[in-house]
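A.B. asks: What would the 3D arrangement of this be:
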Amino acid sequence: MSNKKKYIVLSIAGFLILSSIIAFYNRQLIMAWYDNAKNNPFKTGDKVYAHQYFILDDNKSEIALFRIIKSTSSFIGTYLKNKLLPISVDTLSGIVRLYAIDPNPKTINSNDTIPKALPKGYIFADKYLYVFWGAVTNKELNSFEK
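C.D. replies: Alright, predicted model coming up:
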């Protein structure tokens, strides 16, 4: 087999493996999308009617109506740097990663994060406010389709 053919076969194999991994981790979303595409009888603008068993009498129904909400203030601050700190809780120990942020004053009152009094013999190590890495992301997750 020539080098060009090997490259093509390896590229196709790599693409198939990568696609399979992506599909595996997104299988619930893919299955929900497929189910919706196959079983959703509605098109935009269609009239929607209640099933008979939802109606109690001529004036009342038991249909639950929902609204989807999203946050308008999920931007909590601007990333400055990270800090790795050793921690020890009971018998467990490890390294925790914190992100230093410049807080967004619309969402975080930095005065609330300052304790009333530091323990005797302690001072602040720096001027930053920190957040645990798992509590934040670098993109807006509260976006919904219009």
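A.B. asks: Okay, domains of the chain per the record?
C.D. replies: As given by automatic domain parsing, the domain ranges for the chain are 3-43, 77-135.
A.B. asks: Ends of the shortest one, what's the gap?
C.D. replies: Looking at domain 3-43, the gap from its leading to its trailing residue is 51 Å under the measure C-alpha to C-alpha, to the nearest Å.
A.B. asks: for the record, mean pLDDT for the helix or strand that contains Met31?
C.D. replies: Element membership of Met31, judged by DSSP states H and E, is helix 27-39. Averaged across helix 27-39, pLDDT comes to 85.
A.B. asks: can you check stretch 128-146 too?
C.D. replies: Here the average pLDDT along stretch 128-146 is 74.
A.B. asks: do stretch 66-86 as well
C.D. replies: Computed over stretch 66-86, the average pLDDT equals 80.
A.B. asks: By residue count, what's the longest helix in this protein?
C.D. replies: Using DSSP state H to define each element, the chain has its longest helix at helix 3-25.
A.B. asks: If we go by neighbour counts, what in that one is buried?
C.D. replies: By neighbour count with 16 or more other C-beta atoms under 10 Å, helix 3-25 contains no buried residues. To be clear about C-beta, it is placed using only N, CA and C from the backbone, and glycine gets the same treatment.
A.B. asks: Equivalent analysis for stretch 91-110, please.
C.D. replies: Buried residues in stretch 91-110, counted by 16+ other C-beta under 10 Å: Leu98, Tyr99, Ala100, Ile101, Pro103, Ile108.
A.B. asks: same check, this time on stretch 22-40
C.D. replies: Neighbour-count burial for stretch 22-40 [16+ other C-beta under 10 Å]: no residues qualify.
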